[in-house]
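quick one, structure for this:
(one chain, ligands or ions: 1)
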Amino acid sequence: MKHPLENFIRDVPDFPKQGILFKDITTLWENPYAFKQAIEALYDPVQDLNIDKVVGIESRGFIFGSVLAERLSAGFVPARKPGKLPSQTIAEHYALEYGTDSLEIHQDAIKKGEKVLIHDDLLATGGTAKAACKLIEKSGGQIIMISFFLELTFLKGREKLANYNMNSIIKY
Ligand code: AMP
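Okay, here's the model as predicted:
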């Protein structure tokens with residue numbers, strides 16, 4: 001059955017390159033009703049997990065991620081593209097369709113044993129989220145849940161994250 005919030009997501013063909021159907025959630029963010037409903041849906045399954053830190057993945061993972069952190073009375077940690085964070089960082093490289101990319105967090109952002117929720121807007125192949133998992137594990141954090149708003153199931157990112165608890169609200 002179609003999720004009611006799907007109506008607020010805009011499909012943009014051939015962005016950022018030919019052949020990609022981009023799921024644009026700015027059209028959901030700009031609607032106050034849909035924004036609130038999306039937060040409720042993301043918050044509900046994680047509210048009782050005693051999360052210490054929410055790690056949001058640059059940049060669309062920052063929007064819901066920071067609101068979730070506030071709702072959970074948790075801290076917020078940005079996982080950023082290389083060279084953006086000002087202090088000492090740890091980095092993790094990962095493969096893209098063509099070439100590689102990397103993610104960084106501040107080395108002191110997550111304390112040993114802290115319970116972490118990772119959030120990104122969309123799960124595609126899972127490479128990005130897997131890199132975020134490695135950063136948290138290097139820091140000694142405990143990954144309690146990985147939360148996505150959208151999941152492109154045909155790209156099988158879930159298989160790459162099989163060792164973790166994960167949740168997504170809308171599946172395509
Ligand atoms: P992946 O590492 O393949 O799981 O890619 C996930 C990252 O790429 C997320 O941060 C998404 O925001 C972005 N992404 C990948 N594919 C799409 C898509 N079709 N529409 C919107 N964002 C996408």
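
residues contacting T89?
Contact partners of T89, counting by Cβ atoms under 8 Å, 6 or more residues apart in numbering, are 104-107. Backbone N, C-alpha and C define where each C-beta goes, glycine included.

which element, helix or strand, includes the most centrally placed residue in the chain?
Note on the chain: the residue nearest the mean C-alpha position is D120, at 1.4 Å, using Cα atoms, centre = their mean. Assigned by DSSP states H and E, D120 belongs to strand 115-123.

packing partners for that strand?
Strand 115-123 sits against strand 53-57, helix 61-72, helix 127-138, strand 142-151, with contacts defined as 3 or more Cβ pairs under 8 Å, 6 or more residues apart in numbering; DSSP states H and E.

and the first one, average pLDDT?
Read it as strand 53-57. Confidence over strand 53-57, taken as the mean pLDDT, stands at 98.

run through who's touching that strand.
62-66, 68-69, 72, 74-79, 103, 105, 109-110, 114-120, 128-129, 132, 135-136, 141.

swap the cut-off to 6 Å and go again
Here strand 53-57 makes contact (Cβ atoms under 6 Å, 6 or more residues apart in numbering) with 62, 65, 68-69, 74-79, 110, 114, 116-120, 132.

next: the third one.
The set of residues external to helix 127-138 that reach it, using Cβ under 6 Å, 6+ apart, is 55, 57, 79, 90, 92, 94-95, 103, 105, 110, 116, 118, 120, 143, 146, 160.

so which of those reach the ligand?
57, 120 (Cβ under 6 Å from any ligand atom).

buried among the contacts of helix 127-138? Make that a ChimeraX selection.
The following ChimeraX command selects only the buried members of those, with burial defined by 16 or more other Cβ atoms under 10 Å:
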select :55,57,79,90,92,94,103,105,110,116,118,120,143,146,160
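
what's the lowest-pLDDT member of the contacts of helix 127-138?
A95 (87).

and for the residue nearest to that residue when sequence neighbours are not counted, the neighbour number?
Leaving aside its sequence neighbours, A95 sits nearest to G127 (Cβ to Cβ, 6 or more residues apart in numbering; 5.9 Å). Using other Cβ atoms under 10 Å, G127 is surrounded by 18 other residues.
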